[in-house]
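In: build the 3D model from these lines:
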Amino acid sequence: FGEWSDRGQREAFLEQIVNEVPDFHERRRQIWSYFGLCYFELTEDLSIHIDRGKHHVATAYWFEEGEVPKDLVNRWQEQRTQAGGSTLLQLQDGTSPAGYQYRPDYFVITTWDSEADFQAYQQSVSSQALEEVKHINELILQ
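Out: Numbering: from 1, shown residues only. Purely as a prediction, here's the structure:
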């Protein structure tokens, strides 16, 4: 995670860094076999805390229609809560700069008391019809 005062400053940084390090993007690609970049502009200050004693999962979703199906997200939220999970962060309407094709429609970080609780939740929702979901990337935060 990085922080800039606004989207304009973030975009200015990308222009400035390329002026100072012309092969900046190529260097990134040499370090990581895949580098997905998406940033979100927040309209108010946000503070989150990752409790290392809990299980945190960052999930990015792409939907078939390219927009977030509110009823599906609300249903997931209810099911997460019932399964003992909580939502730490939800983001939408991100931007991927030129050259990076990584713009999920919906990004969420969830918190669980244990990996077993998360796996039980995953099992319960895996049987649902997810025609709206095109792709999912998931990452455990440790």
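
In: drop to CA atoms for contacts and neighbour counts, all remaining ones
Out: Will do.

In: spatially nearest residue to the most centrally placed residue in the chain, not counting backbone neighbours?
Out: Nearest residue to the geometric centre of the chain (Cα atoms, centre = their mean): F107, 3.5 Å. Leaving out its chain neighbours, the residue that sits closest to F107 by Cα to Cα, 6 or more residues apart in numbering is A60, at 4.4 Å.

In: quick check: that neighbour is in a strand.
Out: Yes: counting by DSSP: H, G, I helix; E, B strand; the rest coil, A60 falls inside a strand.

In: point me to the helix or strand that includes E11.
Out: helix 7-20 (DSSP states H and E).

In: show me what that helix is packed against.
Out: If you count contacts as 3 or more Cα pairs under 8 Å, 6 or more residues apart in numbering; DSSP states H and E, helix 7-20 packs onto helix 24-31.

In: and the gap between the residue nearest to D6 when sequence neighbours are not counted and V18?
Out: Leaving aside its chain neighbours, D6 sits nearest to E41 (6.7 Å; criterion: Cα to Cα, 6+ apart). Per Cα to Cα, to the nearest Å, E41 is found 22 Å from V18.

In: what's the answer for Q9, then?
Out: 14 Å.

In: now the phi/psi pair for the nearest residue to R7 once chain neighbours are set aside, please.
Out: Among residues not flanking R7 along the chain, E41 sits closest, at 6.1 Å (Cα to Cα, 6+ apart). For E41, the backbone dihedrals (degrees, to the nearest 10) come out as phi -100, psi 120.
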